[in-house]
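S.K.: heads up, no residue letters with this:
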């Protein structure tokens, strides 16, 4: 066993050297010693070390790693036809119909893209052309993609670009971290949004859009006051702006109760952007919008995307929707998620380092603090590393890097949850005692 | 036969109505009556009308529609593991090594992306961060992608954004359309570049990059004077800017003589962007660059791209390179391309409407003019439509829409060429007589 592990480690080290020589030393990896993977199935991933890891983190393999229905759909369509949309084919239309069937009116049109970044790029272009303004409201710890337009509004990770003069970053209110009454928190947060909008108007940028993740995932899953999202959306619309819901993390049933994160609130965005889980790993994204906005943009711009909407990508996306329906994965996420929350609350009660259990559906954040009540990034990092040694993959998030991010593939079942909670409890027992 | 065609036409019309209801009425299609496709193999595409069409246009299915080696690579890897690059896997490293092995030093690092748009976005971000400038030189009839940063430098198709104040568009000199001596044409064109650079510097934007397609495909394949590209590149570098070669159309052996379009000239760009043919239709792009530029960008920005570099995309890209090598497709493109040029020249000599045969390798432009010598977009359009009726797929390009664009999959052989030229000759005979 020791020999096998040593050999696996040296294999990975050799691979890392070749990786660094080609992709460069800054291509990000998880873990102090990066994990080399060789295969996946369902919620399990096999490492080059021979270990089977429970995947409690990855949302891209939404209907399970190497889901056979998706794999077969990709393989069959790739063998039959793969072409861009300037020729007409049935697959993309069927997929568009299936996808749009999950949205409430007036969201009845779709532009396909190859990624969430491309989707947010396009949504912003559309919002700016519609409003004639450039100003954008985002949260003060968010990430929406890697292009220039998105880099200048990135607040949640390191980019060299400065925040654009047309961008205002809102602190998202968090009832779990704020002792004041909910109505006070709400009133203050809405006033902040009002001030940001006034500042955009005064500076001449105007307001083109509010761009937000309905779960505020990168922010660490704050507990937002009731009426906050609706309130900011209303203020933005009063100023002439549009609402863009970035559903790259919150979409496709992640919240359990609804298919789309924005349905948690009493609003319908003008633009919804999709990505990560959409093709179960196949590069696929989209902007879902209204006929009016599509007409305005489509008539004034020749928008063509070579790969987007190709029949293989469409077949992958359609297979994901079919799997979700056939296996009732949204309802499953709700059921497993409810039990997960109960177990995690129990675990938190038994472990003083866990201060808060955040989240909804099958997306949780466990917040860690030290004895003085301060965010404990160090411990959170040790939990992540220790869980790897126990065969569980997980990561962390939030502005203080102290929120354990539990966001498994949607096929995560009760038995997987038991494995996760048992190993997490063992890990916390060991680390709190250390 | 008439019944079958009528039925196929009504099927396509019904599909077009559903397409319009979901993707919208502006999603571009080819042909007055859009062509519905159902399958593909090699250089052949089967329509819903039962007709087998020779594909003389599409460069994305580079190693052939539904190439079995690529399809098998995608299917096998999708069934084994598909994950992002924060975990380490061998496939992406092996592919990066194979890809970088085709570039001359100092181009030894790669960022993978999901499209040519994402690649050009990233290359521009890198160039701007490196230079601290924003100014860009492009051609005055070009297209490099569909994001905001690329829309503001788009000159070759309709976008609502105005040309950025930081953009200068150069008219690419064309010896085939300019009776003056080559050295005169060159001197005037370089003076224009000098003036554009001076204007960027004077306006405070400075020069971040020259962004160009080495074949100037969208421009209609102009015959560029020797030393022009080298000259502009030299001027840009003297002003502190970088050279970005957009190899989305010119790369992967399209020119026949070399694998990369920029190798036609005596320059090595600092940044090379890849797209379309890279994954034979699988969404895949890249920025190839130097260790120095990667280090500068990678150390200052957390650049992560969820889908890019996943093992399935890497397997698709690697299979394309293997197929190119195993079947000696670059050399084949040169050989078939040489014969194609000879046959097209002969065809041009016999048809007064064809004034010029442009191109290199397996990429040709046939320029059409009327009796008065004026660009004949109408006739060019009729040739495209007529060739469809004869079972050949083709399109057109150029600022006057009068250049027939012949750019087949690289597996286009002598027998396919014969079919193409025979049908093209028949089409021209018929249309010139009409």
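M.R.: All right, it came through fine. Computed from a predicted model, the values in this text were never measured in an experiment.
S.K.: tell me what the host helix or strand of residue A:299 is packed against?
M.R.: Element membership of residue A:299, judged by DSSP states H and E, is helix A:291-300. Under the contact definition 3 or more CB pairs under 8 Å, 6 or more residues apart in numbering or on different chains; DSSP states H and E, helix A:291-300 sits against strand A:107-113, helix A:116-131. Just so you know, the C-beta spots here come from the backbone N, C-alpha and C atoms, and that holds for glycine as well.
S.K.: paired strands for the first one, with orientation please.
M.R.: Under the criterion DSSP bridges, strand A:107-113 sits next to strand A:285-290 (antiparallel) in its sheet.
S.K.: how about residues contacting the strand it pairs with?
M.R.: Identification of contacts with strand A:285-290 by CB atoms under 8 Å, 6 or more residues apart in numbering or on different chains yields A:99-100, A:103, A:106-119, A:122-123, A:126, A:248, A:270-275, A:278, A:308.
S.K.: one more: stretch A:330-344?
M.R.: Contacting residues not belonging to stretch A:330-344 are listed as A:253-259, A:324, A:357, A:359-364, A:366, A:406, A:410-414, A:417, A:421 [CB under 8 Å, 6+ apart].
S.K.: got the phi/psi numbers for residue A:169?
M.R.: phi -110, psi 120 (degrees, to the nearest 10).
S.K.: for it, name its beta-bridge partners.
M.R.: On the basis of DSSP bridges, residue A:169 takes part in beta bridges with residue A:138.
S.K.: give the contact list for it.
M.R.: Under the contact definition (CB under 8 Å, 6+ apart), the residues listed for residue A:169 are A:137, A:138, A:139, A:140, A:142, A:155, A:163.
S.K.: leaving out chain neighbours, which residue sits closest to the residue in the stretch 1-150 of chain A positioned nearest to chain B?
M.R.: When scored by CB to the nearest CB, the stretch 1-150 of chain A has residue A:26 as its residue closest to chain B, at 3.0 Å. Distances taken as CB to CB, 6 or more residues apart in numbering or on different chains put residue B:298 closest to residue A:26, at 3.0 Å, once the chain neighbours are dropped.
S.K.: likewise residue A:222?
M.R.: Take residue A:222 and drop its neighbours on the chain: the residue closest to it by CB to CB, 6+ apart is residue A:174, 3.5 Å away.
S.K.: residue contacts, the one you found?
M.R.: Residue A:174 sits next to A:222, A:223, A:224 when contact means CB under 8 Å, 6+ apart.
S.K.: mind listing the helices for the stretch 51-200 of chain A?
M.R.: If DSSP state H, counting those that start in this stretch is used as the criterion, the helices of the stretch 51-200 of chain A fall at A:68-80, A:90-100, A:116-131, A:148-151, A:182-202.
S.K.: now for the shortest one, which elements pack on it?
M.R.: It stands for helix A:148-151. Contacting helix A:148-151 under the criterion 3+ CB pairs under 8 Å, 6+ apart are the following elements: helix A:116-131, helix B:116-131, helix B:148-151.
S.K.: contacts for the shortest one, please.
M.R.: Applying CB under 8 Å, 6+ apart, the external contacts of helix B:148-151 come out as A:121, A:124-125, A:128, A:147-149, A:301, B:117, B:120-121, B:124, B:144, B:159, B:161.
S.K.: could you dump the helices and strands packed on helix A:291-300 to CSV with mean neighbour count and mean pLDDT?
M.R.: Below are those laid out as CSV (neighbours: other CB atoms under 10 Å in any protein chain shown; pLDDT from 0 to 100):
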stretch, mean neighbour count, mean pLDDT
strand A:107-113, 26, 98
helix A:116-131, 26, 98
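S.K.: list phi and psi for the residue nearest to residue A:222.
M.R.: Dihedral pair for residue A:174: phi -140, psi 100, per degrees, to the nearest 10.
S.K.: look at it and report its pLDDT.
M.R.: The model reports residue A:174 with a pLDDT of 96.
S.K.: of all the helices and strands packed on helix A:148-151, which lies closest to residue B:430?
M.R.: helix B:116-131 (36.8 Å; CB to CB).
S.K.: and the buried ones among the contacts of stretch A:330-344, selectable in ChimeraX?
M.R.: Selection of buried members from those for ChimeraX, criterion 16 or more other CB atoms under 10 Å in any protein chain shown:
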select /A:253,254,255,256,258,259,324,357,359,360,361,362,363,364,366,406,410,411,412,417,421
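S.K.: which ones among the contacts of stretch A:330-344 are found in strands?
M.R.: Judged by DSSP state E, strands contain the following of the contacts of stretch A:330-344: A:357, A:359, A:360, A:363, A:364, A:366, A:406.
S.K.: show me what from the stretch 301-434 of chain A comes close to chain B.
M.R.: Residues of the stretch 301-434 of chain A lying close to chain B (CB under 8 Å from any CB of the partner chain) are A:301, A:302, A:303, A:304, A:305, A:306, A:307, A:308, A:309, A:310, A:312, A:313.
S.K.: contact partners for the fourth one?
M.R.: Under the criterion of CB under 8 Å, 6+ apart, the neighbours of residue A:304 are A:84, A:85, A:86, B:28, B:146.
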